[in-house]
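In: Predicted model, plus sequence, below.
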Protein chains: 2
Amino acid sequence: MTIDLPSGTRPAGVDAAVEAARRVIDALVRSGDMTDADMASVTGRLNAVADDLEATAPPLRDRLVDMWRGDGMTRHDPVTGSENPIAPPVAYGAVDSSTIEGTVTLGLPYQGPPSSVHGGVSALLLDHTLGVANGWAGESGVTAELTLRYHHLTPLFEPLTVTARQTSVDGRKIRTTGEIAAGGRTCVSAEGLFIAKHPPRPR
Amino acid sequence: MTIDLPSGTRPAGVDAAVEAARRVIDALVRSGDMTDADMASVTGRLNAVADDLEATAPPLRDRLVDMWRGDGMTRHDPVTGSENPIAPPVAYGAVDSSTIEGTVTLGLPYQGPPSSVHGGVSALLLDHTLGVANGWAGESGVTAELTLRYHHLTPLFEPLTVTARQTSVDGRKIRTTGEIAAGGRTCVSAEGLFIAKHPPRPR
């Protein structure tokens, strides 16, 4: 059993809009040119939504200050963010005091080799998960070095488990390992070196 | 001077819809909760677009066969794909027979540390660019090992140059290096080992 980590999800309107945007992303990649959908109409409707959102969006600087407010999880990152349509999203649980685990099933937008997860998307998921494990373990920082080993192709359309564990803290050097597994088999493993440094938050 | 690589872009309707979807993604992350936009309406309009696209989308298997047809560049990947709203997208040019270079400016959806590119997004861009350099140099394969070194934070909102060069081919082992630079300064460097292996294309 894992304990759910706070995900930063609130019942705000933007989260539902982001979920709908994820459906649009998936359906566009799924359609490509193989569709009878009226793409000129789809384009017009999406641009109209973008126009409306842009007309009421806050100044960039204000938004940056707001999105980094507080010390907790952020809601905008490209892996877990409930405010970010690019995030699949991954949801994490704690396994023990230095280990976390997330689950996710990835679709066509994340494809590299045929029917497989893009190697760079696996790197994105692992870098982020190692960072979250550091935060959970109590000492975090910025990535200094990340090594990824690809053992087997990672499948699309199947549940993946993404695990990370902080293995040592030596002064400002933090070492963390992780892996992506599918059906109990390790597809990608990662080793990261992080430096306990925290870029200033906008204010 | 660089020579543009074929990007696979065609004047198809889907490309314009994907560009509009990228505007929606950016505007949603830009808005968050700091907006007077009617998010229930935005959600409904995006879900209606997704409904229409899903109703006319081809069966997944047919789409997979189609998207992998031919030997050229694909149009769906999450880094350059003109059919993929997640792709920033990066556009490449050839520098010499084994080196390519791409340019891209990344916005809020790709954020890691404040106002900086997510380390995992840099990994995604580099993994992909190393792979494209291999294709351009004439020997390509799947990623076996990728090592990333983070020298400086990579800025959002500024033009980035992503470069990759195939450095050696030894039997099935292909070695490739690359970097992301901003304003002439190397932010992230990468070394990749690829194995000349080509997963079968769906048919």
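Out: Sure thing, it's come through.
In: give me phi/psi at the closest residue to residue A:34 other than its chain neighbours?
Out: Leaving aside its chain neighbours, residue A:34 sits nearest to residue B:58 (4.2 Å; criterion: C-beta to C-beta, 6 or more residues apart in numbering or on different chains). (Glycine included, C-beta is placed from N, CA and C.) Main-chain torsions, residue B:58, degrees, to the nearest 10: phi -70, psi 160.
In: For the most centrally placed residue in chain A, give me its contacts.
Out: By C-alpha atoms, centre = their mean, chain A has its centre lying nearest to residue A:79, at 0.6 Å. Residues near residue A:79 by C-beta atoms under 8 Å, 6 or more residues apart in numbering or on different chains: A:87-90, A:124-125, A:128-129, B:118, B:120.
In: repeat that with 7 Å
Out: Residue A:79 sits next to A:87, A:89-90, A:124-125, A:128, B:120 when contact means C-beta atoms under 7 Å, 6 or more residues apart in numbering or on different chains.
In: So which of those is surrounded by the most neighbours?
Out: residue A:125 (31 neighbours; other C-beta atoms under 10 Å in any protein chain shown).
In: which of the contacts of residue A:79 lies closest to residue A:109?
Out: residue A:87 (11.2 Å; C-beta to C-beta).
In: Got phi/psi on that closest one?
Out: phi -70, psi 130.
In: do residue A:105 as well
Out: phi -120, psi 120.
In: so what's it up against?
Out: A:157-160.
In: Please convert the buried members of those residues into ChimeraX selection syntax.
Out: The following ChimeraX line selects those of the contacts of residue A:105 that are buried, judged by 16 or more other C-beta atoms under 10 Å in any protein chain shown:
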select /A:160
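In: on that earlier part again, which one is the residue nearest to the centre of chain A nearest to, not counting chain neighbours?
Out: Residue A:79 sits nearest to residue A:128 (C-beta to C-beta, 6+ apart), 3.9 Å away.
In: and that neighbour, what element?
Out: Using DSSP states H and E, residue A:128 falls within helix A:119-137.
In: Over to residue A:19?
Out: Residue A:19 is located in helix A:13-31, with elements delineated by DSSP H and E.
In: chain center to that helix: distance?
Out: From the chain centre to the centre of helix A:13-31 is a distance of 15 Å (C-alpha atoms, centre = their mean, to the nearest Å).
In: Any part of the helix or strand following that helix near chain B?
Out: As assigned by DSSP H and E, the chain's next helix or strand after helix A:13-31 is helix A:39-56. Yes - with C-beta under 7 Å from any C-beta of the partner chain as the criterion, chain B is reached by helix A:39-56 at A:39-40, A:42-43, A:45-47, A:49-50, A:52-54, A:56.
In: contacting residues around helix A:39-56?
Out: Against helix A:39-56 from outside (C-beta under 7 Å, 6+ apart): B:13-14, B:16-17, B:20-21, B:23-24, B:27-28, B:31, B:35-37, B:42, B:45-46, B:49, B:53.
In: returning to that earlier point: in which helix or strand would I find the residue nearest to the centre of chain A?
Out: Going by DSSP H and E, residue A:79 is not in any helix or strand.
In: Please point out which parts of stretch A:59-74 sit buried.
Out: Applying a neighbour-count criterion of 16+ other C-beta under 10 Å, one finds A:63-65, A:67-68, A:73-74 buried in stretch A:59-74.
In: Need the mean per-residue confidence for it.
Out: Across stretch A:59-74, pLDDT averages out at 85.
In: any idea which helix or strand of chain A has the worst average confidence?
Out: strand A:3-4 (a mean of 62; mean pLDDT, DSSP states H and E).
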